[in-house]
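# predicted model follows, preceded by the sequence.
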Amino acid sequence: MYFSDVPDEPASNTVKRANLDGSAVETLLTLPAPYRLCTSMALDVEHQKMYLNLSTDGGDGYKGKAIARANMDGSGFEILHTLVGNTENEVHGLLALFLPQ
C-alpha cells in the first residue's frame, strides 16, 4: 500500500509504502519545500508512476497546490503543474487527480 505520512514536524512529510499487513514500511520520498501535505495520490501501476496532489498548507483549498509525479520507488520526482496565491480571490479552482481507467 502507498500512503502519505503527516507527522507533527512539517519538514518531514513523507510518502511511504508498506505490505498490505502494514509490515516493511519504507519512506519513498520526502515532500520538497514549500509543500507540506500530500492530499491525494493515484497510482499508474502499468507505467510504474505515482501522481501526487500536494499542498503548502494544512487545509485551505487555494494556497500553493501542485500536481507532481514520481516513479513508484520514489525516484524521478517532478512538479507537473502548480497553483499559487494567498487568498481565495487570487486563485480560482482546485487541482484534482483523475487517471483514465
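Cool, the structure landed. Numbering: from 1, shown residues only.

# which residues of the protein fall in strands?
Using DSSP state E, the strands of the chain run over residues 2-5, 14-17, 26-30, 37-44, 49-55, 65-71, 78-83.

# next, the angle from the fifth one to strand 65-71.
Going by axes from the mean of the first three to the mean of the last three Cα atoms, to 10 degrees, strand 49-55 is angled at 160 degrees with respect to strand 65-71.

# residues contacting strand 49-55, please?
Contact with strand 49-55 is made by 2, 4, 15, 31, 35-44, 63-72, 95-97, 99, as judged by Cβ atoms under 8 Å, 6 or more residues apart in numbering. Yep, even glycine has a C-beta here, placed from its N, CA and C like the rest.

# again, only this time at 7 Å
The contact list for strand 49-55, computed with Cβ atoms under 7 Å, 6 or more residues apart in numbering, reads 2, 15, 31, 35-44, 64-72, 95-97, 99.

# are any of these buried, and which?
Listed as buried from the contacts of strand 49-55 are 15, 31, 35-39, 41-42, 64-70, 72, 95; burial here means 16 or more other Cβ atoms under 10 Å.

# hmm, back to that, mean pLDDT for the strands of the chain - can I get that in a markdown table?
Shown next, in a markdown table, are the strands of the chain (pLDDT from 0 to 100):
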| stretch | mean pLDDT |
| --- | --- |
| strand 2-5 | 87 |
| strand 14-17 | 92 |
| strand 26-30 | 93 |
| strand 37-44 | 86 |
| strand 49-55 | 89 |
| strand 65-71 | 91 |
| strand 78-83 | 87 |
